[in-house]
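Visitor: fold the following and give me the result.
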Amino acid sequence: MNAIAASTAVREIRREALRIDGERIHRDAVIDVRNPYDGALVGTVPKATLDDVRRAFA
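Guide: Below you'll find the predicted structure:
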């Protein structure tokens, strides 16, 4: 596969959830995770709130 075909290939975007105390928590606010080689979006992770952090470390 050449570089042009590789960059236009359809990729599955992973959407992860926070896991706090065994509970999966989804958030509307997310952080994009990009491939450092070509900048392609490969997934998203939830943007934790301060309350999420406090709960995780309680």
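Visitor: for the residue most central in space within the chain, which residues make a bridge with it?
Guide: By Cα atoms, centre = their mean, the chain has its centre lying nearest to residue 44, at 2.0 Å. Counting by DSSP bridges, residue 44 is bridged to residue 15, residue 32.
Visitor: OK, contacts around it?
Guide: Applying Cβ atoms under 8 Å, 6 or more residues apart in numbering to residue 44 gives the contacts 13, 14, 15, 16, 30, 31, 32, 33. Bear in mind the C-beta positions are built from the backbone N, C-alpha and C, glycine included.
Visitor: what's the answer for residue 30, then?
Guide: For residue 30, the contacting residues are 15, 44, 45, 46, 47, by Cβ under 8 Å, 6+ apart.
Visitor: over to residue 21?
Guide: 55, 56.
Visitor: what pLDDT does the model give it?
Guide: pLDDT recorded at residue 21 is 92.
Visitor: the helices in the protein, which residues?
Guide: Per DSSP state H, the chain carries helices over the ranges 3-8, 50-56.
Visitor: just the mean pLDDT for the first one, thanks.
Guide: Along helix 3-8, the predicted confidence averages to a pLDDT of 53.
Visitor: cool, thanks, talk later.
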